[in-house]
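S.K.: can't give you the sequence, but here's the structure:
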């Protein structure tokens, strides 16, 4: 493997580690967004994960999301335990992978917004069966109880979460993108390499 490839991979890992750290710091900021369900909270930590997915691609975005959530679980031991961990991983993974896959193909401001909306709607759709299957297993709640919560609580919560994430990422990404891409990109590495001897 060439020195250029090694440096490029090292810089990508450094960028990913930075986004994991930012996402972890943001885990301390969470708040309820649905008055009828104060136990469901909006996680600000999802925003850096989505920005990372747009900047680096779906796989790095997915890895950053999973690592930051696992790190939070290991250090902070959230009250929701493995259940909350699993549900959060499913939600952000679907959102970041689908949104960043679309944006990777169409890198315009318009398609960035479309990608976030489609990714958010996919997350909302996936969380309905996830709640119906996983919540009864972990919390011992009857499926009928979860079904009764879908329309008045779960669906509005995930849609509202999608809207907040979409608006914030849409407003922030283009401002942060130059820094994320300029810092140690392949072009910079090539320019900094010494010319070959003649």
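M.R.: Everything's here; your move. Note that the coordinates shown come from a computational prediction; the quantities given were computed from them, not determined experimentally. Numbers count the residues shown, from 1 in each chain.
S.K.: Now do the buried residues in the longest helix anywhere in the chain.
M.R.: Scanning the chain for the helix with the most residues, using DSSP state H, yields helix 109-139. Within helix 109-139, the residues scored as buried using 16 or more other C-beta atoms under 10 Å are 112, 115-124, 126-128, 130-131, 134-135. Any C-beta I mention is one placed from the backbone N, CA and C, and that applies to glycine too.
S.K.: Just give me the neighbour total for residue 52.
M.R.: Look at residue 52: counted by other C-beta atoms under 10 Å, it has 28 neighbours.
S.K.: ok, it touching residue 58?
M.R.: No: Residue 52 lies out of contact with residue 58 (C-beta atoms under 8 Å); the separation is 10.3 Å.
S.K.: any residues in contact with both of those two?
M.R.: residue 96 (C-beta atoms under 8 Å, 6 or more residues apart in numbering).
S.K.: Strands along the chain, start to end?
M.R.: With strands called from DSSP state E, the chain shows them at 30-32, 41-43.
S.K.: highest average neighbour count across the ones you listed?
M.R.: Greatest average neighbour count among the strands of the chain goes to strand 41-43 (a mean of 18), per mean count of other C-beta atoms under 10 Å.
S.K.: Could you list the paired strands of that one along with their orientation?
M.R.: With DSSP bridges as the test, strand 41-43 is paired with strand 30-32 (antiparallel).
S.K.: who touches the partner strand?
M.R.: With contact meaning C-beta under 8 Å, 6+ apart, strand 30-32 is reached by 38-45.
S.K.: ok, those vs residue 141, which is closest?
M.R.: residue 39 (12.8 Å; C-beta to C-beta).
S.K.: Now do the residue nearest to the closest one when sequence neighbours are not counted against residue 121, distance only.
M.R.: Distances taken as C-beta to C-beta, 6 or more residues apart in numbering place residue 32 nearest to residue 39, at 7.5 Å, with adjacent residues excluded. Distance, residue 32 to residue 121, using C-beta to C-beta, to the nearest Å: 22 Å.
S.K.: Skipping adjacent residues, who's closest to the most centrally placed residue in the chain in space?
M.R.: Nearest to the geometric centre of the chain sits residue 49, at 3.4 Å (C-alpha atoms, centre = their mean). Among residues not flanking residue 49 along the chain, residue 65 sits closest, at 4.3 Å (C-beta to C-beta, 6+ apart).
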